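Undergrad: the following comprises the amino acid sequence and a computationally predicted model.
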Amino acid sequence: MAENAAAERPVLAVLRTDDSFAAVWRDLASAGVELIEAERAGALEHLAAACAVIASVPGREEDGPEAVRELMSAGARDVAVVGSVADHRLAVGALRAGATEYFALPSDLALLRTWLTDRVDAFRAKRASQELSARERERFDFSVMVGESAELRAALRTASRLIPRGNATVLLRGETGTGKELLAQAIHHNGPRARAPFVAVNCTALPATLLEAELFGYEKGAFTDARTSKPGLFEAAHGGTLFLDEIGDLPPELQAKLLRTLQEKEVRRLGSVRPTRVDVRIIAATHVDLEEAMHAGRFREDLYFRLNVVPIHL
């Protein structure tokens with residue numbers, strides 16, 4: 001196999017191969033998974049490239065946990081232990097040591113294949129996202145943003161200094177059409193969160209009830225048409241950036257909920273009693289005079305100070 005072709009395939013490290021599982025390995029290889037069949041010491045060097053690791057153990061109770069602990073300490077993140085018997089003690093020991101799953105083969109072959117398919121799909125989706133991010137960084141490079149006014153150059157200098165600060169909240173202010181979303185995308189795609197999602201929402205595009213469901217998500221049965229659960233845009237942007245456009249027009253009833261989310265770094269879906277932790281960088285934009293809106297009672301002062309950490313005027 002050519003080197004570049006191999007680099008594009010998901011890699012699976014298989015430790016302590018067992019002849020009795022030969023058909024299993026052939027089945028996995030035919031599904032497009034590159035197998036590294038090696039003894040434990042030889043396979044450890046491949047862990048950084050592996051989307052998943054299978055530790056094949058002979059069936060002794062102590063072998064599973066021992067293999068898992070060694071793999072986890074070497075950097076493996078997703079480990080499945082397989083054995084030839086459905087041994088409860090072996091399975092529990094492996095799971096307590098940090099394994100994701102335990103499979104008894106050949107009876108659990110279909111379950112193992114499903115587990116691997118999920119990992120391979122996630123690997124390929126992540127690779128596609130990384131390639132897209134590279135193109136987006138090119139598209140939104142600061143060098144391609146044109147303009148000669150002193151105000152724009154000052155704004156770009158401020159924005160470029162934000163690149164290493166992937167958590168700083170930014171408030172972009174300026175008239176409609178001055179390029180606030182373009183600058184938000186440039187900050188995201190040139191920063192440490194570039195490989196994670198950039199999610200944009202216009203706070204005036206939906207009525208308050210629908211906007212709340214879009215931002216925070218909802219559980220099945222939370223309202224009449226909620227036939228399934230749906231994560232909100234905060235969850236969709238996890239690890240990346242959420243761009244809140246026209247934040248000055250956010251309905252008052254949602255301002256308190258947004259403030260709590262920014263403070264606690266967690267969201268609670270409509271109809272749920274359990275919060276979900278989110279790691280999201282907020283970039284907000286507005287054409288509204290927020291100071292005037294505060295004095296008129298239309299915008300919360302505490303939310304304003306949460307958003308106005310790094311102000312940029314366009």
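TA: Sure, I can see it.
Undergrad: use CA for all of it now, contacts and neighbours both
TA: Noted.
Undergrad: run a quick neighbour tally on Val68.
TA: When counting by other CA atoms under 10 Å, one arrives at 27 neighbours for Val68.
Undergrad: A helix includes it, no?
TA: Yes: per DSSP: H, G, I helix; E, B strand; the rest coil, Val68 lies within a helix segment.
Undergrad: let me know the pLDDT of it.
TA: On the pLDDT scale, Val68 is placed at 82.
Undergrad: ok, it to Thr114 distance?
TA: Per CA to CA, to the nearest Å, Val68 is found 21 Å from Thr114.
Undergrad: same question, Leu105
TA: 14 Å.
Undergrad: tell me which of these two has more neighbours.
TA: It is Leu105, of Leu105 and Thr114, that has more neighbours when counted by other CA under 10 Å, with 19 against 11.
Undergrad: hmm, the more buried one is touching Val57, no?
TA: No: counting by CA atoms under 8 Å, Leu105 does not reach Val57; the two are 11.0 Å apart.
Undergrad: mutual contacts of the two, please.
TA: Residues touching both Leu105 and Val57 (CA atoms under 8 Å, 6 or more residues apart in numbering) are Val82, Gly83.
Undergrad: element containing the nearest residue to Glu301 once chain neighbours are set aside?
TA: Residue nearest to Glu301 in three dimensions, not counting chain neighbours: Met294, with 6.0 Å by CA to CA, 6 or more residues apart in numbering. In this structure, Met294 sits in helix 290-295 according to DSSP states H and E.
Undergrad: which residues does that helix contact?
TA: Under CA under 8 Å, 6+ apart, the answer for helix 290-295 is Gly248, Phe299, Arg300, Glu301, Tyr304.
Undergrad: so Ile187 touches Arg161, yeah?
TA: No: applying CA under 8 Å, one finds Ile187 not in contact with Arg161, separated by 9.3 Å.
Undergrad: residues near Ala256, how many?
TA: 14.
Undergrad: that one belongs to a strand?
TA: No: the assignment for Ala256 is helix, going by three-state DSSP, so no strand is present there.
Undergrad: which positions in stretch 169-181 come out as buried?
TA: Thr169, Val170, Leu171, Leu172, Arg173, Gly174, Lys180, Glu181 (16 or more other CA atoms under 10 Å).
Undergrad: go on, stretch 248-267?
TA: Neighbour-count burial for stretch 248-267 [16+ other CA under 10 Å]: Gly248, Asp249, Leu250, Pro251, Gln255, Leu258, Leu259, Thr261, Leu262, Glu266, Val267.
Undergrad: I'd like these as TSV, with pLDDT appended.
TA: Formatted as TSV, the buried residues of stretch 248-267 follow (pLDDT from 0 to 100):
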residue	pLDDT
Gly248	93
Asp249	92
Leu250	93
Pro251	91
Gln255	95
Leu258	94
Leu259	94
Thr261	93
Leu262	93
Glu266	92
Val267	90
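Undergrad: which ones among those residues are found in strands?
TA: Glu266, Val267 (DSSP state E).
Undergrad: next, format the buried residues of stretch 248-267 as CSV and append distance to Arg277.
TA: Below are those laid out as CSV (distance: CA to CA, whole Å):
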residue, distance to Arg277
Gly248, 25
Asp249, 26
Leu250, 23
Pro251, 24
Gln255, 19
Leu258, 14
Leu259, 15
Thr261, 9
Leu262, 11
Glu266, 4
Val267, 7
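Undergrad: now, which of the buried residues of stretch 248-267 sits nearest Ala285?
TA: Gly248 (7.9 Å; CA to CA).
Undergrad: how close does that closest one get to Asn308?
TA: In this view, Gly248 and Asn308 are 12 Å apart by CA to CA.
Undergrad: and what of Ser56?
TA: With CA to CA as the criterion, Ser56 and Asn308 are 54 Å apart.
Undergrad: cool, and Glu219?
TA: 32 Å.
Undergrad: okay, these two: which has more neighbours?
TA: A count of neighbours by other CA under 10 Å puts Glu219 above the other of Glu219 and Asn308, at 19 against 15.
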